[in-house]
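Student: Give me a 3D structure for the following:
(2 chains, ligands or ions: 2)
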Amino acid sequence: MLMKVVEIENLTVDYQGILALDKVNFSVESKDFLGIIGPNGAGKTTLFSCMLGLLNNYKGEIRFFGTSIKKSKKYLGQIGYVPQKPAFEKNFPATISEVVGMGLTKNSKKDKIDEVLQKVWLHELSHRRIGDLSGGQQQRVFIAKALVNDPQILILDEPVTGIDSQSKELFYQILLDLNQKENITIIWSSHDLDAVAKLASKVACLNRTLFFHGISEEFFHNEDLLKMYSESSMQMHMHHHED
Amino acid sequence: MVFEILSYGFMHRALISGIAIALMCSIVGLFLVLRRYSLFGDALAHAAFGGIAAGLFFGIYPIWVAFGVSVSSALGLTKIRQKFQISGDATVAILLSSGLAVGVVLISLSGGFTVDIFSFLFGSILLVSLENTILILGLAGSILIIILLLYRQLVYTTFNEEQAKVSGIPVEKLNYLLVTIAGITVVSSMQLVGILLISSLIVIPNVTAMLFSRGFKQTAILSMTFAVSSVVTGILASYTFNIAPGGMIVLISIVIFSVSLGIKSAGLIKNKTIIPSIKQV
Ligand SMILES: Nc1ncnc2c1ncn2[C@@H]1O[C@H](COP(=O)(O)OP(=O)(O)OP(=O)(O)O)[C@@H](O)[C@H]1O
Ligand SMILES: [Mg+2]
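Tutor: Numbers count the residues shown, from 1 in each chain, chains lettered A, B, ... in the order given. Ligands and ions are numbered 1, 2, ... in the order given. Next up is the predicted model:
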């Protein structure tokens, strides 16, 4: 039987009156490739913030590897995280290797940096300054950084916004390899339904509440679910005017 | 002539503590500049000025009062900033003027400016006693060791707090540690460089180094080199021409900065912007 690596129970987040997540329940099994879809403002980033311990005043329970994240922060060592928009000073003096190396914990080896840069096809740029790279290349640097500690779970928050289609293809190939060849569990939020249909083995459909969670094919072959999804997205767009 | 200067004991002390101060200010300054805390050092120095004045007024050893005031305002400011979401530059402005206000009031009460106060404002090589040299060496050594030990965590937290948190780094504790170190650095450097000029030693060598370097380590080493050269040349010039050392040190670092800008705009090294600007999220 596959192990449940993440369990989320009745997760509710209220931003002083704005209900961002409402009694969300799901679990992630080891080696899943879970695509979380949902329109802008659906609560994807909020969900990840809770899972990563960045947001603490939620109701409900989050367990990683069977232990509540309120009890121990050790699970963070098993997680690689690629944020939606990694903000940093544009002229921050750090080379690609230095940025990737920031993720290293004490007992990992230095040659790990070259190894993960190789995985994202950036080893030739390792001495460039991070701010001098294109948006797509920067995203790959952050994937490499997330991989540097050999995580069991990789969490990516809409990692392809503003990236050209060629870079996207490369990016998706990297994710597939990580999931299939290295058995890394992937939790990935995206607006791109086509990409999720192609890559993910499981789908979670979020729009403040979770209204579908299951095998990817089931969702994409079910006209009713797809229709419901697009309607709820429309509604969200009318209520929320943020980007 | 340089040999003659170097035969004086007070010059030895000034140079040795000057080098320690330069190393400390440039590395601590690099973290401050990249966190957009450039004027934080200035605010702490002004708060320390209030402390010096209070020390002189009440007859307590002024440097110790300055240490206390500087470190506690650094911690207080950080706390206020986290709790009330007042913008960084506003809190810096408040601290800066309140420190100066306390200082000026106490000085007026005690009957006006003295030589002591003047040398604290603009720095003096004669102020650096043997006792102070030992103190500065000890503090600079400890600060450099702490930074070396926590190097990766400090760089990571400066680069992106949220990601550092997710990697399990105790970001808040590190922030308090960094401002405490900044408070100590400012007061240790005050006697040589002067309250009014300290922030330039914290900022200018780093901004100059960032013109040339791609990596963090490289920037830190270049910045330390610029800072040490400015301080050593500044102290020697200060003695030779009988000018306050703080002014001389800062002028030399500005010359190095200008020459670097010139080299840069002549296109010898490519890289466009100088002042760091944060990406809007
Ligand atoms: N810090 C905050 N304070 C108040 N409300 C917030 C905060 N962060 C998010 N929200 C609100 O919570 C809801 C969910 O936001 P969230 O960022 O999680 O959505 P998302 O699914 O990640 O959207 P996107 O696709 O645009 O990234 C939105 O209505 C948003 O306005
Ligand atoms: Mg989001």
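
Student: ok, which stretches of chain A are helices?
Tutor: Using DSSP state H, the helices assigned to chain A run over residues A:44-51, A:96-102, A:112-119, A:135-147, A:165-181, A:193-199, A:216-220, A:223-239.

Student: Buried residues of the shortest one, list them for me.
Tutor: I take that to be helix A:216-220. Across helix A:216-220, burial judged by 16 or more other C-beta atoms under 10 Å in any protein chain shown covers A:216, A:219, A:220. The way it works is simple: take the backbone N, C-alpha and C, and place the C-beta from them, glycine included.

Student: now swap in the third one and tell me
Tutor: By 16+ other C-beta under 10 Å, the buried positions in helix A:112-119 come out as A:112, A:113, A:116, A:117, A:119.

Student: contacting residues around the residue nearest to residue A:183 when sequence neighbours are not counted?
Tutor: Leaving aside its sequence neighbours, residue A:183 sits nearest to residue A:31 (C-beta to C-beta, 6 or more residues apart in numbering or on different chains; 5.4 Å). By C-beta atoms under 8 Å, 6 or more residues apart in numbering or on different chains, the residues touching residue A:31 are A:2, A:179, A:183, A:184, A:185.

Student: and with 10 Å instead?
Tutor: Residues near residue A:31 by C-beta atoms under 10 Å, 6 or more residues apart in numbering or on different chains: A:2, A:3, A:5, A:152, A:179, A:180, A:182, A:183, A:184, A:185, A:186, A:201.

Student: quick check: mean pLDDT across whichever strand or helix holds residue B:46?
Tutor: Assignment of secondary structure by DSSP states H and E places residue B:46 within helix B:40-58. Mean pLDDT, computed over helix B:40-58, is 89.

Student: buried sites along that helix?
Tutor: Under the neighbour-count criterion of 16+ other C-beta under 10 Å, helix B:40-58 has B:40-57 buried.

Student: Can you tell me the closest non-neighbouring residue to the residue of the stretch 51-200 of chain B found nearest ligand 2?
Tutor: Residue nearest to ligand 2 within the stretch 51-200 of chain B: residue B:162 (13.1 Å; C-beta to the ion). With C-beta to C-beta, 6+ apart as the criterion, residue B:162 has its nearest non-adjacent residue at 6.3 Å, and that residue is residue A:54.

Student: Contact partners for that neighbour?
Tutor: So residue A:54 contacts A:45, A:46, A:48, A:81, A:83, B:161, B:162, B:163, B:165, B:166 (C-beta under 10 Å, 6+ apart).

Student: State the distance from the first one to chain B.
Tutor: Using C-beta to the nearest C-beta, to the nearest Å, we find residue A:45 at a distance of 11 Å from chain B.

Student: Which positions in chain A make contact with ligand 2?
Tutor: Listed as neighbours of ligand 2 in chain A under the rule C-beta under 5 Å from the ion: A:44, A:45, A:84.

Student: So which helix or strand of chain A has the lowest pLDDT on average?
Tutor: When each helix and strand of chain A is scored by mean pLDDT, DSSP states H and E, helix A:223-239 comes last, with a mean of 65.

Student: residue contacts, the residue most central in space within chain A?
Tutor: Nearest to the mean C-alpha position of chain A, by C-alpha atoms, centre = their mean, lies residue A:156 at 1.9 Å. Residues counted as contacts of residue A:156 (C-beta under 10 Å, 6+ apart) are A:36, A:48, A:80-84, A:139, A:142-143, A:146, A:171, A:175, A:186-190.

Student: Please list only the buried members of these.
Tutor: Among the contacts of residue A:156, those classed as buried by neighbour count (16+ other C-beta under 10 Å) are A:36, A:48, A:80-83, A:139, A:142-143, A:146, A:171, A:175, A:186-190.

Student: in the chain, which ranges drop under the pLDDT threshold?
Tutor: You didn't say which chain, so I picked chain A. For chain A, the stretches flagged by pLDDT under 70 are A:1-2, A:106-108, A:160-162, A:231-243.

Student: please go with chain B instead
Tutor: Within chain B, the segments meeting pLDDT under 70 span B:1-3, B:113, B:115, B:268-281.

Student: 50 instead?
Tutor: Low-confidence segments of chain B (pLDDT under 50): B:272-281.

Student: count of residues packed around the residue nearest to residue A:95 when sequence neighbours are not counted?
Tutor: Leaving aside its sequence neighbours, residue A:95 sits nearest to residue B:215 (C-beta to C-beta, 6+ apart; 4.2 Å). Counted with other C-beta atoms under 10 Å in any protein chain shown, residues neighbouring residue B:215 total 19.
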